[in-house]
Each structure stands twice: as structure tokens, then as C-alpha cells.
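Engineer: okay, structure incoming, though there's no sequence with it:
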């Protein structure tokens, strides 16, 4: 009995009189019932969050999902969630997503529908913003309302919106006002890259790398911004290469277009990474805070680079995937604000022309054939040539300009590479020494054959060590000690294999390597023919 004469059993039972308040964990779990949870084919948990007439698609283990969870809890309960509670909600959402059996593919900016149509996301910026898209089919294109977009688009924090495209408002030559190329063929290649960059792949595929170069004052940065604004606009313009290769793949995984500005050099490791991103590849490293787990980052993305051509295209693998676009110096300058205003006014019509090109590519792809042997990035070239009708570019112009561009890049690569020049000189000397018709091959001042009868044995065969020693003793010491010259026979073999496509295209030099003879010794065989 208490002092008031009541026993404990007579006291009011607040728990019985009031509705039992749910625990915070139960409230968070109830919020997840509003969300469609699913996983990507690579096992990453995603959530489709309700918003107005459509759903926003985000990664569960990301900032946008955490913000949504905290905001929804506040709206229902007028209280905030602690970091621990949010982490528990994320863990529960991940478990539900991975266990749901619901698998979807997330896309960035451009997607491929189940019926083969291309969807282009017009949204950007605020992840809770509008989600309209352009549906592009062989018969044309149309704007799709947010609630009827059938694919799951993810959006980077730096993404900006694309304008609603306009029909019949631009010709392909109008782009020259913002990309200051000299020839029509180069402008055609810019359009080829644009339509190739907006081609989605269900699996496999490759994107050509656009390399804009020119002297100071040729408008490289402005041209890059203009092209980026038609593919995947972003607040991050004028970006430099990250410091680590891992960060490069992280960046590629979060946006459709990977663009870098004003590059003065590209290291060998970064060049290899850019090649893997352009043709589909990955990066693996030990997962953070683990001893045995591996973190794998994969991406297939179009690339847009600008800078000094001799440094950007000095890597054979990267040059092999690149379209080299030279910009001419701007003679009559205008204010940047004026040019940006003109671009903003013309951009919807230019995007409409891009959509026309994509529709044409879907319609004509099966009918396009490309003549010529050894055409690199053939699938991208066929797609661009199939888009020519919709762009208003005459048939065959893109294919002709593409192959001429590749040939010019091969010549520039061979002429600018010390090892390539020495390999050509070696076979020139072999032809002069072993010509079957004395006097038919004329040596030039540098000892190379300026004309060849074609009957000599322009070939060399020996061990990698012999070739390395032979070439190294003929180059100046500054070259032999330079960073690009192979340090040993093994490095020589790697460099020759990388130079092989350019040497074959420009000088008809074929390379073969392997083991042979009684002692199964390694050999390198070079021949012209």
C-alpha cells in the first residue's frame, strides 16, 4: 500500500491506456515497405523511392538513400534518426534487396529498353527532380513522362539536365560555331563521336575516345563543354585526371561520360585504364578494412579528352581507340558569355539532331557495310555511318573521314616514337644491303631507302636481346636513357607489340615472335611486305 492508500495494482497503467509506441527500429522497417528494393546483376542493392508520379532510383548504400530515410522518419515522427539507426536501416534495406530476387540493371544517362529502344534521361541535379526521358526508336523519337520511363536511371550528384530536344531546328554544320574545326570531315567525326557516345550497350561494346587538340587559343575547353552538354552535362567541367587509378574507375562508375580537360601528359598506367574504360574493363584492389576480400570496379564509358596531341596520343593503345580532332586558332574572338548564350539557345535543336541520328542508326545499322581491312573500332564506325542519314551527312563521308583520321594518327605515332623510327630504319638498311638489283634502291642522306625495288629482303630475325642491343647502340644517349626507351629485351617485346598495328598500317611492317630452333630460343621476326 502506498502513502495515499493505493496499492501499486490500483495505479493507472499508462502502457495499457496509451497505444504502445513502436520502437524506432520497427518504424524504420515500416518505412522500407514504401520502397521497391532490388539488386543489380553485379549484386549491388538499390532502391526505387516513391516521388510524386514516379520513383527515384538510388543505391541503398549511398547518400541519397540515407537522406530519404532520415527525411521520411522526420515527416512521420517529428524526430531525427541517429547515425546508428540510419546504418541499421541501410543494412536492413540491403538484406531485403539482396534477398528479394528482383534483379534490374541500373543505367547512367542513356539506357537500352527491352524492345531495343534507346532512352535518354533528361533529368539532372536534384535527385528528387523530374525524370522525363526521350524514347528513341527506328521510326523516330518522343518525350516520355517520368512515370512511364521503364528503365532505372541513376543520377550523379554533379549531373545537370539536358534540354528538351527540338525538331528540325539545326543542321550538322551549326556545331562548328562551338567546335572550331577546320574541315567538314573533322566536323563529321565530331558528330560520329556524339552519336557513338550515346549508344547504350546491353553487354560488351566499345566507345571511341574523342581527343581535342590544337594550339593555345583554339577553344579546346569551350568545345569540350559544348560536347559534354549534349551527352552528359555536369557541374564538373574542366576536370583534371585523378591521382589514383582507383579514383578514375570510381568516377567512371558514377557518370556516363568521362571528360578531362587540359591534359599535358598521361602516364602509362592511366593510359591503360582509359583504354579499359573505353572498351569495357575493370580495376581490382583489396577491399578497404579487409584482409582477403577484393573490391572490383568495372566501367564501359565514352571518353572526352583535350590537351597536347603529342602527349595524349603517344600511347599506342590509346591512340588506337581515339578520334584525333584538331581545332584551329580562333581569329575573331567573342566574349565567353555571348558564346555560352548562343550555345544555350541552339542546344535544344542540336540535341534534337543527335536524337535524329540515333533513330537513323537504329533504322539503318543492319544495312551498313564498311569496306577495307583492319578497320579499328569497326562497330562504332558502322553505328556512326548508320546515323549519317538522320544527321544530314552524305553517305560514306564519316567512314572515309574515320579511316583517314586513323591513318593520320598512325603516321603521327610512328613519326613521333623513337623506337618505331629505329625499327623502320633497321628494315630500310636490310633492304639496301640485300637488294637483288644493285642500285635499284636509293639511299637517302640518313641511310634509309628513299625508293625500294621491292625485291630485297627487308626483314630481320634474331633474339630480343640482340635486337635491343642493336637498336640501343644506334640511338643517342639521351634517347636510350629516356623514359620511353625499353630498358631490356622483355620491355622491347612489349613495346613492339603495342606499335605493331601502326607499323603495319603505315610501313607494312609485320611482327612475329615466339620460340624456335633446337634450343627453343625466343625470337623476333620483322619483315616488310
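Structural biologist: Cool, got the structure. Keep in mind that what you see is a predicted model, and the values were worked out from it rather than measured.
Engineer: could you pull out the helices for the stretch 251-400 of the chain?
Structural biologist: 268-279, 309-312, 316-320, 336-364, 378-391, 397-416 (DSSP state H, counting those that start in this stretch).
Engineer: these: which one's closest to residue 512?
Structural biologist: helix 316-320 (17.7 Å; CB to CB). In this view, the C-beta of every residue, glycine as well, is placed from N, C-alpha and C.
Engineer: give me the mean pLDDT for the closest one.
Structural biologist: What helix 316-320 shows for mean pLDDT is 81.
Engineer: show me where pLDDT drops low in the stretch 401-529 of the chain?
Structural biologist: Applying pLDDT under 70 to the stretch 401-529 of the chain flags the ranges 432-457, 516-520.
Engineer: one more pass at 90, please.
Structural biologist: Flagging of the stretch 401-529 of the chain using pLDDT under 90 yields the residue ranges 403-418, 420-422, 424-462, 464, 474-477, 479-484, 489-491, 493-529.
Engineer: where do the helices sit along it?
Structural biologist: Going by DSSP H, counting those that start in this stretch, the stretch 401-529 of the chain shows helices at 418-434, 464-472, 477-480, 489-507.
Engineer: indicate which one of these is closest to residue 339.
Structural biologist: Using CB to CB, the nearest of these to residue 339 is helix 489-507, at 36.9 Å.
Engineer: angle of that closest one against helix 464-472?
Structural biologist: If you take axes from the mean of the first three to the mean of the last three CA atoms, to 10 degrees, helix 489-507 sits at 60 degrees to helix 464-472.
Engineer: which other residues reach helix 489-507?
Structural biologist: Helix 489-507 is contacted from outside by 316-317, 319-320, 374, 376, 406-407, 410-411, 413-414, 417, 419-420, 423-424, 427, 463-465, 467-468, 471, 486, 509-511, 513, 524, 528, using CB atoms under 8 Å, 6 or more residues apart in numbering.
Engineer: buried stuff in that helix?
Structural biologist: Neighbour-count burial for helix 489-507 flags 489, 492-493, 495-496, 498-503, 505-507 (criterion: 16 or more other CB atoms under 10 Å).
Engineer: returning to what we had before: possible to save the helices of the stretch 401-529 of the chain as CSV with distance to residue 227?
Structural biologist: CSV is the format used below for the helices of the stretch 401-529 of the chain (distance: least, CB to CB, whole Å):
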stretch, distance to residue 227
helix 418-434, 31
helix 464-472, 41
helix 477-480, 37
helix 489-507, 26
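Engineer: and the ones you listed: which comes nearest residue 195?
Structural biologist: helix 489-507 (24.9 Å).
Engineer: and that closest one, how far out from the chain's middle?
Structural biologist: The chain centre lies 25 Å from the centre of helix 489-507; the measure is CA atoms, centre = their mean, to the nearest Å.
Engineer: below-threshold pLDDT in the stretch 51-200 of the chain: ranges please.
Structural biologist: Across the stretch 51-200 of the chain (using pLDDT under 90), the flagged ranges come out as 51-56, 77, 123-131, 146-147, 155-159, 182.
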